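Engineer: here is my input, please return the structure:
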Amino acid sequence: MNHLKKVPNHLYIGLLLLPFCLHAQTDQVSSNGKVHRNYFVNALVRIADPVLTALSKNELKQKMPVEAKTNDRKNYTYLEAFGRLLAGMAPWLELGPDSTAEGKLRKKYIDLSVIGIRNATDPSAPDYMNFNKGGQALVDAAFLSQALLRAPNQLWGKLDVKTRKNVLEALRSTRVITPGHSNWLFFSAMVEAALLQFEGSCDKMRIEYAIQQHLQWYKGDGAYGDGAHFHWDYYNSFVIQPMFLEVLQTLINSGQKEQKIYELELERARRYAAVQERFISPEGTYPPIGRSLAYRFGAFQHLAKVALMRQLPKDILPQQVRCALYEVVKKQMEAPGTFDKNGWLQIGLVGHQPGVGEGYISTGSLYLCSQVFLVLGLPSTDPFWLNDDADWTAKKAWKGEPIPIDHAIEN
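Structural biologist: Reported below is the predicted structural model:
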């Protein structure tokens, strides 16, 4: 199998799964889901390994390059890399270790992640990260919070008492940062949701304000404005709708009556997932519109999230999402220049394109791409992986095959 090209030898950890994957390829119709899952695991490991290995040794600040247009990004880039990466990995890690090759691989990365959280939040550690100096620190404290909420057993549940205390102190320290009047409101809300979940108390106003403002900023047909205005970009997927769902779910889990708003947002989320699925071309490309294109296939966090929740619209089969995301990930993973010679991500949408990066983009920012791998939180026995391959909507359309009529939603 030659799915992942030019991988440094020390990153071929995923090849533990090679024998099982080669066997899967003998049945192209019914078992491609196994090949797709193995590819996703290998891709995630390739992205994650340099970050987590270095951080576990307190060497992330020493070893991670910082590609950026401005000189201040070292203040933020390390928490960006760690928080964003872990948010995407968390559902896979939450499946826990088992006796399979993949389960043993999960154990390795659970252990590295737990050590990483300890080092990132220990004020005496060389890789201690910035949680409260400069606005950007809030953003990635929120992604770390998201990771903990997505893997409460394998991440939060594995932390020692001192590290839990350090994590909570780090999250509370972000309250000195005032979020912008935009999708940033959900960064404060996500931090408070984690504090509610793991400490039992929070600043409820920060959560309620984010919810009420986004309800006012709804533009229709499944899309929210980023603030008062609508933007043609992927921020409904990068931030707004996944965090909206998770903040509401945390409130519900704590006994608060948010079910009506949750059901409304879920309806909108399912519609936006349908739109995202139709964005994927027959070739596995998608429109390069809006800012933050350097997050690559992280643009499809929302579609992956809704698939993970098993909440896809009724006319979208789980396996057509699997096949579509596989083509997207494969195309971008294998573009020359996606990684540098040491395995770190480089700025770009397709390969290395430094001009794609805005002033707030640095090496750490790029690890938001891991959010597409939320679907790995579905076990290998799920229909998402087991069902026969199916073409996604655009691929069927451009082959002249029947496709469902697309309908807007009213709410």
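Engineer: can you pull the pLDDT of Gln25?
Structural biologist: Predicted confidence (pLDDT) for Gln25: 41.
Engineer: where do the helices sit along the stretch 301-411 of the chain?
Structural biologist: Ranges of helices in the stretch 301-411 of the chain, per DSSP state H, counting those that start in this stretch, are 301-308, 318-333, 383-386, 393-397.
Engineer: list phi and psi for Gly135.
Structural biologist: Torsion angles at Gly135 (phi, psi; degrees, to the nearest 10) stand at phi -60, psi -40.
Engineer: pull out the buried positions in the helix or strand in which Leu266 is found.
Structural biologist: Assigning secondary structure by DSSP states H and E places Leu266 in helix 259-279. For helix 259-279, the buried set under the neighbour-count rule, 16 or more other CB atoms under 10 Å, comprises 261-262, 265-266, 268-279. Heads up, the C-betas are built off the backbone N, CA and C, glycines and all.
Engineer: now do that helix, average pLDDT.
Structural biologist: Taken as a whole, helix 259-279 has an average pLDDT of 98.
Engineer: so what secondary structure elements neighbour that helix?
Structural biologist: strand 223-224, helix 241-253, helix 301-308, helix 318-333, helix 393-397 (3 or more CB pairs under 8 Å, 6 or more residues apart in numbering; DSSP states H and E).
Engineer: figure out which of the helices of the stretch 301-411 of the chain is closest to Val372.
Structural biologist: Among the helices of the stretch 301-411 of the chain, helix 301-308 comes nearest to Val372, with 5.2 Å by CB to CB.
Engineer: quick one: contacts of the closest one?
Structural biologist: Applying CB atoms under 8 Å, 6 or more residues apart in numbering, the contact partners of helix 301-308 are 88, 91, 236-238, 241-242, 245, 269-270, 272-273, 276-277, 312, 318, 321-322, 325, 368, 371-375, 377-378, 384.
Engineer: re the thing from before, contacts for the helix holding Leu266?
Structural biologist: Counting by CB under 8 Å, 6+ apart, residues outside helix 259-279 touching it are 211, 215, 218, 221-224, 236-237, 241, 244-245, 248-249, 252, 286-287, 300, 302-303, 305-307, 311-313, 316, 320-321, 324, 392-394, 406, 408-409, 411.
Engineer: filter those down to the buried ones.
Structural biologist: 211, 222-224, 236-237, 241, 244-245, 248-249, 286, 300, 302-303, 305-307, 312, 316, 320-321, 324, 392-394.
Engineer: quick one: contacts for Asn119?
Structural biologist: So Asn119 contacts 55-56, 58, 125-128 (CB under 8 Å, 6+ apart).
Engineer: go on, Ile110?
Structural biologist: 93, 96-97, 154-155, 158.
Engineer: quick check: the farthest pair among those?
Structural biologist: Pro97 and Leu155 (13.3 Å).
Engineer: neighbour count: those two, which is higher?
Structural biologist: A direct count of neighbours by other CB atoms under 10 Å for Pro97 and Leu155 places Leu155 higher, at 24 against 17.
Engineer: how about the nearest residue to the more buried one, chain neighbours excluded?
Structural biologist: Leu148 (5.5 Å; CB to CB, 6 or more residues apart in numbering).
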